[in-house]
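Undergrad: my questions are about this predicted structure, shown below with the sequence.
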Amino acid sequence: MFDRILIANRGEIACRVARTARRMGIHTIAVYSDVDAGALHVGACDEAHRLGPAVPRESYLRGDRIIEIAVASGAQAIHPGYGFLSENEAFAAAVAAAGLVFVGPPPAAIRAMGSKSESKGIMFKAGVRLVPGYHGADQDDALLAREADGVGYPVLIKASAGGGGKGMRIVERRADFAAALASARREAKAGFGDDKMLLEKYLDEPRHIEMQVFADTHGHCVHLFERDCSVQRRHQKVLEEAPAPGMTRERRNEMGSAAVAAARAIGYVGAGTVEFIVDKTGLFHFMEMNTRLQVEHPVTEMITGLDLVEWQLRVAAGEPLPLLQEALDFYGHAIEARIYAEDPERGFLPSIGRIAYLAAPPVSEFVRIDTGVRAGDEISQFYDPMIAKLVAWGEDRASALRRLRSSLASYQVAGVTTNISFLQRVVAHPAFANARLDTGLIARHQAELLAPPAAPSPQILAVAAIGEFLRLVEVAQQQAQASEDRFSPWHDPDPWWLNSASHAISLTYLALGLTHEVRLRTNGGDILVSIAGAAGAVDVDLTATASRRADGMAITLDGVQLSATVVPLGDQRYVFVDGQLQKFLLVDPLAHASVDELRGGHLTAPMSGTIVAVLVKAGDAVAKGAPLIILEAMKMEHTIAAPAGGTVSAVHYRQGDQVSEGVDLIDVDATDVGASDATASAA
């Protein structure tokens with residue numbers, strides 16, 4: 001076994017590998033970019049070395065620099081994690097040439113499966129069923145268009161060297177093919193350095209089921225059962241589970257045998273995943289093989305009780321597989337939810353910024369959290385915006401789902417927008433709850449899963465105001481303790497000293513473009529809350545008691561007990577109440593501009609990135625929804641569309657320019673009434 005390994009990655013997977021290595025007594029060496037100098041994975045390892053600037057090609061993709069550090073630090077092996085260089089044939093070969101062990105498959109296996117086109121050819125010769133499509137070497141645009149016609153629409157364009165949904169487009173009609181192909185090529189080139197494409201028939205309501213395989217250098221190869229990864233957004237997985245609902249023993253054996261045959265066909269060693277697409281009739285088709293550990297491997301670990309990273313390290317060290325097929329089994333059910341800093345209501349755009357507050361649910365033998373961030377860390381434009389993987393296990397799917405719902409309800413993040421509320425809606429939806437799974441689940445139920453946020457209830461407004469009152473009391477008490485005159489009446493937390501002749505605190509909140517007036521006053525141990533009714537509605541009066549506790553506030557509101565947390569960030573308020581999140585702006589009546597003053601026909605960048613295409617010029621008339629600018633961020637393209645019809649009055653950036661979140665990209669003089677503002681939408 002190795003004494004020292006270098007982990008050539010960052011984030012939660014680097015922390016994950018370090019955790020197992022430490023348990024095995026292996027010294028771990030981290031690498032980091034400039035923006036990651038204080039990252040969680042750096043502290044999780046025994047030593048750490050700087051790679052370079054934040055841009056991946058100058059840091060985590062610098063294979064030569066990583067090998068140099070590994071040799072200088074005495075590492076015997078390099079674990080690549082997933083992403084970055086994990087499936088790079090040249091890097092794996094260079095590691096071996098340097099006298100180190102690559103914790104992964106041999107370069108020949110990476111090469112065989114690294115190209116989706118070539119891998120499909122190998123599988124076709126092996127007799128594995130493929131999805132109808134085009135996997136050829138000729139990449140002429142006109143030829144691809146003709147092949148798409150032959151396959152039949154809808155057709156799926158996929159990057160041959162791709163993964164994670166990058167360089168992938170669904171094309172519903174021939175008229176859209178050329179633009180979709182160009183966009184997919186650009187994204188693939190930026191993400192993988194290879195713009196070769198393949199085409200597949202887009203199957204109706206398919207399921208995405210993958211088999212975990214493992215092979216050693218002693219001729220053994222096994223599968224560790226399946227995972228269902230059908231619930232996806234933007235062709236990227238959101239929820240994964242094991243075993244796959246509805247999987248029969250016979251089909252599991254058939255798919256497992258096909259996966260093992262695929263691994264043996266290329267002389268595979270280590271952990272890998274063979275991915276299948278399953279049509280409505282139950283037929284499964286080979287899609288691709290990922291020659292690395294997958295993001296969703298924890299669900300397999302939860303049902304088998306195995307540590308797949310330990311298996312990787314033992315196999316890489318030349319040991320045989322710890323267990324063979326007849327000794328492998330699983331128990332129970334596990335579901336993983338990927339928690340991202342992203343905004344589902346804006347096309348799942350990454351949310352870049354600082355995590356100001358983070359409270360995770362407790363971990364146990366039933367609940368696991370793999371993360372690479374903590375409160376105070378930045379979600380940057382350079383890397384994947386994953387915050388954590390939340391995994392729940394149960395004796396059956398129903399109990400696992402119940403634990404997942406409970407854990408999601410207690411996961412609180414402020415400072416960046418997350419998909420937690422969206423995940424709560426997905427796991428509560430009847431389609432998911434009843435295991436009616438396919439890759440179109442989110443798109444098909446978009447109206448329910450991405451419904452506009454509801455106006456805040458009087459109860460949530462009351463909680464926000466009570467949280468503000470308790471904060472003011474604490475501030476007053478702290479000022480009194482620090483003051484030379486601790487008994488000054490100006491330190492009294494009673495409401496009279498604030499702003500009202502009626503001895504009440506008056507607070508104004510802005511949510512969804514509407515203002516809400518809340519007044520509080522105390523009466524003995526009670527807090528009396530009055531909320532002004534909107535649009536002629538009657539006022540709401542509530543009586544509450546409240547106290548601070550370690551994880552937030554305990555509130556009794558008109559006899560109903562609530563758990564709540566109010567997080568202040570500048571004039572923003574994140575209000576968490578019994579598993580729900582509501583965001584407010586606390587309006588300072590003396591300083592805050594009106595909502596109308598914030599609007600002005602400017603489309604601003606929804607995130608930091610690079611302008612890859614400008615599609616309009618000043619003077620152009622545009623319709624609502626027309627594409628204006630294409631922005632690349634986190635190796636994916638985002639099309640900035642016109643929120644309303646109008647005339648382009650100014651374009652502030654050119655192709656190739658780097659832009660920061662919030663800058664003015666383009667000005668449109670809107671002709672649609674009431675639609676001339678804001679942060680640009682992106683698709």
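TA: Received, thanks. Remember, predicted model here, so these are calculated numbers, not experimental data.

Undergrad: next helix or strand past the longest helix seen in the chain?
TA: If you go by DSSP state H, the chain has its longest helix at helix 458-482. Once helix 458-482 ends, the next helix or strand along the chain (criterion: DSSP states H and E) is strand 505-511.

Undergrad: if you count contacts, what does that next one end up packed against?
TA: helix 458-482, strand 514-523, strand 580-586 (3 or more Cβ pairs under 8 Å, 6 or more residues apart in numbering; DSSP states H and E). Any C-beta I mention is one placed from the backbone N, CA and C, and that applies to glycine too.

Undergrad: thinking again about what came up before, how far does the longest helix of the chain sit from its chain's centre?
TA: 34 Å (Cα atoms, centre = their mean, to the nearest Å).

Undergrad: neighbours around residue 380, how many?
TA: Number of residues near residue 380 (other Cβ atoms under 10 Å) recorded here: 17.

Undergrad: is it true that it touches residue 35?
TA: Yes - between residue 380 and residue 35 there is a contact at 5.6 Å, judged by Cβ atoms under 8 Å.

Undergrad: what sits in contact with each of these two?
TA: residue 54 (Cβ atoms under 8 Å, 6 or more residues apart in numbering).

Undergrad: follow-up on the earlier one: how about the helices and strands packed on strand 505-511 in TSV, adding distance to residue 270 and mean neighbour count?
TA: Below are the helices and strands packed on strand 505-511 laid out as TSV (distance: least, Cβ to Cβ, whole Å; neighbours: other Cβ atoms under 10 Å):
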stretch	distance to residue 270	mean neighbour count
helix 458-482	50	19
strand 514-523	56	17
strand 580-586	41	19
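
Undergrad: for residue 150, find the nearest of these.
TA: strand 580-586 (48.4 Å; Cβ to Cβ).

Undergrad: how about the strands in the stretch 201-350 of the chain?
TA: Per DSSP state E, counting those that start in this stretch, the stretch 201-350 of the chain carries strands over the ranges 207-215, 221-233, 236-242, 270-278, 284-290, 333-340, 342-343, 349-350.

Undergrad: deepest-packed of the ones you listed, please.
TA: strand 349-350 (a mean of 27; mean count of other Cβ atoms under 10 Å).

Undergrad: what's the end-to-end length of stretch 652-659?
TA: In stretch 652-659, first residue to last residue: 10 Å (Cα to Cα, to the nearest Å).

Undergrad: swap in stretch 186-199?
TA: With Cα to Cα as the measure, stretch 186-199 spans 16 Å from end to end.

Undergrad: cool, stretch 373-384 as well?
TA: Termini of stretch 373-384 sit 12 Å apart (Cα to Cα).

Undergrad: buried residues in it?
TA: 373, 377-384 (16 or more other Cβ atoms under 10 Å).

Undergrad: quick one: mean pLDDT over that stretch.
TA: The pLDDT scores in stretch 373-384 average 93.

Undergrad: just the residues contacting it, thanks.
TA: 10-12, 33, 35, 39-40, 54-56, 83, 341, 350-358, 385, 387-388, 416, 607-609, 633-634, 661.

Undergrad: returning to what we had before: farthest pair within the buried residues of stretch 373-384?
TA: Every pair of those checked by Cβ to Cβ; the farthest is 373 and 381, at 15.0 Å.

Undergrad: ok but residue 376 is inside a strand, no?
TA: No - counting by DSSP: H, G, I helix; E, B strand; the rest coil, residue 376 is not found in a strand; it is coil.

Undergrad: and it, its phi and psi?
TA: phi 100, psi -20 (degrees, to the nearest 10).

Undergrad: dump the buried residues of stretch 373-384 to a markdown table, plus secondary structure and distance to residue 194.
TA: Output for the buried residues of stretch 373-384, formatted as a markdown table (DSSP: H, G, I helix; E, B strand; the rest coil; distance: Cβ to Cβ, whole Å):
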| residue | secondary structure | distance to residue 194 |
| --- | --- | --- |
| 373 | coil | 30 |
| 377 | coil | 32 |
| 378 | strand | 30 |
| 379 | strand | 27 |
| 380 | coil | 25 |
| 381 | coil | 23 |
| 382 | coil | 20 |
| 383 | coil | 20 |
| 384 | coil | 19 |
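
Undergrad: between the helices and strands packed on strand 505-511, which one is nearest to residue 184?
TA: The nearest among the helices and strands packed on strand 505-511, by Cβ to Cβ, is strand 580-586 at 34.7 Å.

Undergrad: which strands border the closest one, and is each parallel or antiparallel?
TA: Strand pairing for strand 580-586, using DSSP bridges, gives strand 505-511 (antiparallel), strand 572-577 (antiparallel).

Undergrad: render the CA-only coordinates of the shortest one in PDB, please.
TA: Right, strand 572-577. What follows is strand 572-577, C-alpha atoms only, in PDB (Å, rounded to 0.1, in the frame of the first residue of the first chain):
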ATOM      1  CA  GLN A 572     -31.100  41.400   2.700                       C
ATOM      2  CA  ARG A 573     -32.900  39.000   5.100                       C
ATOM      3  CA  TYR A 574     -32.900  35.200   4.600                       C
ATOM      4  CA  VAL A 575     -35.800  33.800   6.600                       C
ATOM      5  CA  PHE A 576     -35.800  30.000   7.200                       C
ATOM      6  CA  VAL A 577     -39.000  28.800   8.700                       C
END
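
Undergrad: flag every buried residue along that strand.
TA: For strand 572-577, using 16+ other Cβ under 10 Å, the buried residues are 573-577.

Undergrad: contacts for it, please.
TA: 357, 412, 414, 459-460, 463-464, 467-468, 509, 552, 562-567, 581-586.
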